[in-house]
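Trainee: Any chance you can model this:
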Amino acid sequence: MLLVILAGLLAVVGFVAVAGGRQWLADRSYHPIRVPAATAPPAALAPALTTATPTAPATSAAPVPTASGISAALAGPLTNPDLGPSVSAEVFDTGTGQQLFSRRPNVAIAPASTSKLLTAAALLTLHKPTDRFRTRVVAGPAPGIVVLVGGGDPTLSAAPAGQATEYPEAGRISDLAAQVRAAAGSTPITRVLVDDSLFTGAAVAPGWAPEDAPSSYACPITATMVDAGRDTPGAGLRSANPDLAAGQALAQALGGAQVSRGPAPAAAKVLGQVASAPVGVLVEQMLRDSDNVIAEVLARQVALARHRPATFVEAAAAIRVTLAPLGIEVGTGMRDGSGLSALDRIPAAALGQALLKAVHTPSLRYLLTGLSVAGWDGTLLEQDRFTGNAAIGTGAVRAKTGSLTGVSTLAGLLVDLDGRQLAFVFTADQAPAEGPTRQAIDGLVAALVRCGCR
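Mentor: Numbers count the residues shown, from 1 in each chain. Coordinates of the predicted model:
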C-alpha cells in the first residue's frame with residue numbers, strides 16, 4: 001500500500017514539474033504580474049513612451065554610439081557559453097534609424113513570445129487603438145432560447161457585478177445578462193446556445209505541445225471566451241472548452257439554463273451586447289503579461305480585418321501582408337500569433353524593424369507602452385531578470401521577453417549611459433537546456449546600457 005501511495009505522489013510531482021517547467025519555458029507565470037516595483041522607471045527611459053505621439057527621445061542630442069563601440073561592448077558578453085552556438089542580434093539608434101550592430105538578422109529563428117510584437121504591429125495598423133470588439137446575445141430559434149455570439153473579445157469577464165476584473169475595461173457577462181433579462185421580460189431563459197462561427201479551422205496551432213492546451217498559459221482558441229479562456233475568473237488553468245465556459249457563465253448569470261453549441265438564426269433580434277476594452281489596452285495587456293490566448297485572438301482579428309478566414313494559417317498570412325508595406329518582412333515561417341508554436345521561424349530583422357517603426361509611428365505607440373520595464377512591471381519583474389551585473393538595466397530597459405525550451409529572446413528599447421535611446425533584438429535559439437540563458441541575454445543588454453559606445 002505504501003508503495004502505491006509513493007508511486008501516486010511521484011506521478012503528481014512529475015506532472016507538476018513537467019507542466020510548471022513547460023509553462024516557465026513558455027515565458028509565463030501562473031498568475032499575471034501586476035504589482036509594480038517600489039520605484040518608477042526614470043523618465044530618461046523614453047519620454048516617447050509616455051506621450052500620445054511618440055517621437056525620438058528628448059535626449060536625442062546625446063551622441064550616437066559608433067558601430068565599432070557597440071561591437072566592442074558586445075564582444076565579451078557574446079562569448080558567454082550560456083547563449084549557446086546560435087545567436088541573432090540587431091542594435092539600432094532610434095533617432096536616426098542607423099543600424100549599429102548586426103548578427104544573422106535575416107536568418108529565420110524561433111522568436112518565442114517576441115513574435116507578439118508583430119501581432120501587435122499588424123493589429124494597430126488595421127485598427128484604431130480606440131476600436132472595440134463586441135459580444136452579442138440574440139434571440140434563439142424558439143422562445144426561452146438565446147444565443148451567445150462570439151465577437152473575438154478575449155477578455156470578456158465572468159466576474160460578478162461589482163467585483164473587479166483581472167483585465168481592465170473588460171466587458172462583462174453580468175451586463176449582458178441584465179440586458180437579456182430586460183429584453184426577455186417574463187419569458188424564462190431555459191437554454192443558451194453558443195455561436196463560435198466567427199473563428200474557423202483548428203483551435204490549436206501546429207507546433208503546440210499536447211500539454212499546451214489547456215494549460216496555465218494557453219487553451220483552444222475560440223471566438224467566444226471569458227477571462228482569456230478560463231472557466232472562472234482568476235483560475236490558474238485555462239479551459240479545455242472556453243466557448244462553453246462562456247456559455248455557462250451567461251447561463252448562471254441568467255439564473256441557470258442548459259448550454260450547448262449552436263448557430264444564431266439569420267437576422268435574429270439582438271437582446272444585448274457589450275464591448276471589449278479598446279484595442280490599445282488589449283495590446284498592452286497581451287504584451288505586458290505575454291498572454292498567448294489574447295495574442296491568438298488578436299491575430300485572428302488581423303485576419304478578419306483583411307477579410308480572411310480567422311484561422312491560424314490565415315492570421316499569420318494576414319500579419320505578413322499587413323506588415324510588408326511598412327518594411328517589416330516577416331517571411332513565411334510564422335505559425336501562430338503568440339510565438340508558442342515550436343515551428344515558428346521569424347528573422348530577427350522583422351522584430352527590429354517593428355520596434356523602429358513603432359518609435360516613429362503614433363498609431364503604433366501601444367506596442368511600446370505594452371513593453372515591460374526591467375524591475376518595474378510585466379515579465380521583466382521576474383526575480384531572475386536584470387540582477388547581478390545586469391542590474392544596471394533596471395529602469396533603463398523596456399522590452400518584450402520570449403522563452404521556450406532552448407530559446408531565449410529579448411527585444412525592446414534601452415537608454416545608454418549618454419542618454420541615447422537604442423532599439424535591440426537578441427535571440428538565442430539553441431540555448432543549453434539547463435543554462436541561465438535569460439541572464440546571459442540580460443547581460444548583452446546591460447552591456448549597452450552601461451556604455452556610451454563611442
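Trainee: Show me the shaky parts of the stretch 1-150 of the chain.
Mentor: 1-60 (pLDDT under 70).
Trainee: all strands for it, in order.
Mentor: Assigned by DSSP state E, counting those that start in this stretch, the stretch 1-150 of the chain shows strands spanning 87-93, 99-103, 108-109, 134-139, 145-149.
Trainee: So what's the gap between the first one and the chain middle?
Mentor: Taking Cα atoms, centre = their mean, to the nearest Å, one finds the center of strand 87-93 at 22 Å from the center of the full chain.
Trainee: list the helices and strands it packs on?
Mentor: Judged by 3 or more Cβ pairs under 8 Å, 6 or more residues apart in numbering; DSSP states H and E, the packing partners of strand 87-93 are helix 67-75, strand 99-103, helix 348-359, strand 421-428. Where C-beta positions appear, they are placed from N, C-alpha and C, glycine not excepted.
Trainee: Quick one, which of those gets closest to D82.
Mentor: Closest approach to D82 among those is made by strand 421-428 (8.2 Å; Cβ to Cβ).
Trainee: For the following helix or strand past that closest one, name the packing helices and strands.
Mentor: Going down the chain from strand 421-428, the next helix or strand is helix 437-449, by DSSP states H and E. On a contact count with 3+ Cβ pairs under 8 Å, 6+ apart, helix 437-449 meets helix 67-75, strand 397-404, strand 407-415, strand 421-428.
Trainee: any idea of the mean pLDDT for helix 437-449?
Mentor: Helix 437-449 comes out with an average pLDDT of 95.
Trainee: buried residues in it?
Mentor: Neighbour counts over helix 437-449 (16 or more other Cβ atoms under 10 Å) mark 437-449 as buried.
Trainee: Could you do stretch 366-385 as well?
Mentor: By 16+ other Cβ under 10 Å, the buried positions in stretch 366-385 come out as 366-382, 385.
Trainee: end to end, how far does it reach?
Mentor: With Cα to Cα, to the nearest Å as the measure, stretch 366-385 spans 23 Å from end to end.
Trainee: I'd like to know the average pLDDT value across that stretch.
Mentor: Average pLDDT, stretch 366-385: 90.
Trainee: what does stretch 223-241 give?
Mentor: For stretch 223-241, mean pLDDT rounds to 96.
Trainee: how does the chain divide into domains?
Mentor: Using automatic domain parsing, the domain parsing of the chain gives 31-123+283-292+311-320+327-449, 134-277.
Trainee: closest to L304 out of those?
Mentor: Across the domains of the chain, closest to L304 is domain 134-277 (Cβ to Cβ), at 7.0 Å.
Trainee: just to revisit the earlier point, out of the strands of the stretch 1-150 of the chain, flag the one nearest Q248.
Mentor: Closest to Q248 of the strands of the stretch 1-150 of the chain, according to Cβ to Cβ: strand 145-149, at 10.1 Å.
Trainee: Just the helices from the stretch 251-400 of the chain, written as ranges.
Mentor: Along the stretch 251-400 of the chain, the segments classed as helices by DSSP state H, counting those that start in this stretch run 279-289, 292-305, 312-323, 348-359, 365-369.
Trainee: how much space between S290 and E211?
Mentor: 18 Å (Cβ to Cβ, to the nearest Å).
Trainee: more crowded one of these two?
Mentor: S290 (30 against 14; other Cβ atoms under 10 Å).
Trainee: Can you give me the distance of that one to A142?
Mentor: Counting by Cβ to Cβ, the separation of S290 from A142 is 44 Å.
Trainee: And for F426?
Mentor: With the distance defined as Cβ to Cβ, F426 ends up 59 Å from A142.
Trainee: So for N80, which of the strands of the stretch 1-150 of the chain sits nearest?
Mentor: Closest to N80 of the strands of the stretch 1-150 of the chain is strand 87-93 (Cβ to Cβ; 9.4 Å).
Trainee: Name the residues that touch the closest one?
Mentor: 64-65, 70, 74, 78, 98-105, 107, 109, 347-349, 351-352, 355-356, 420-429, 444, 448 (Cβ atoms under 8 Å, 6 or more residues apart in numbering).
Trainee: Now with 7 Å, please.
Mentor: Strand 87-93 is contacted by residues 64-65, 70, 78, 98-105, 107, 109, 348-349, 352, 356, 420, 422-428, 448 when judged by Cβ atoms under 7 Å, 6 or more residues apart in numbering.
Trainee: Equivalent analysis for stretch 316-325, please.
Mentor: With Cβ under 7 Å, 6+ apart as the test, stretch 316-325 has contacts from 118-119, 121-122, 125-126, 299, 302-303, 306, 308, 330, 334-337.
Trainee: Repeat that for stretch 206-213.
Mentor: A19, R22, V204, A218, C219, P220, R335, L340, S341, A342, L343, D344.
Trainee: What about the fifth one, how many residues nearby?
Mentor: Going back to what we said before, that points to C219. With other Cβ under 10 Å as criterion, C219 counts 27.
Trainee: pretty sure it contacts S239?
Mentor: Yes: C219 is in contact with S239 according to Cβ atoms under 7 Å; the separation is 5.4 Å.
Trainee: Overlap of the contact sets of these two?
Mentor: Common contacts of C219 and S239 (Cβ under 7 Å, 6+ apart): G229.
Trainee: Looks like A305 contacts T125 (just checking).
Mentor: No: with contact defined as Cβ under 7 Å, A305 does not count as touching T125 (9.0 Å).
Trainee: Quick check, S157 in contact with Y167.
Mentor: Yes: contact criterion Cβ under 7 Å: S157 and Y167 qualify, at 6.4 Å.
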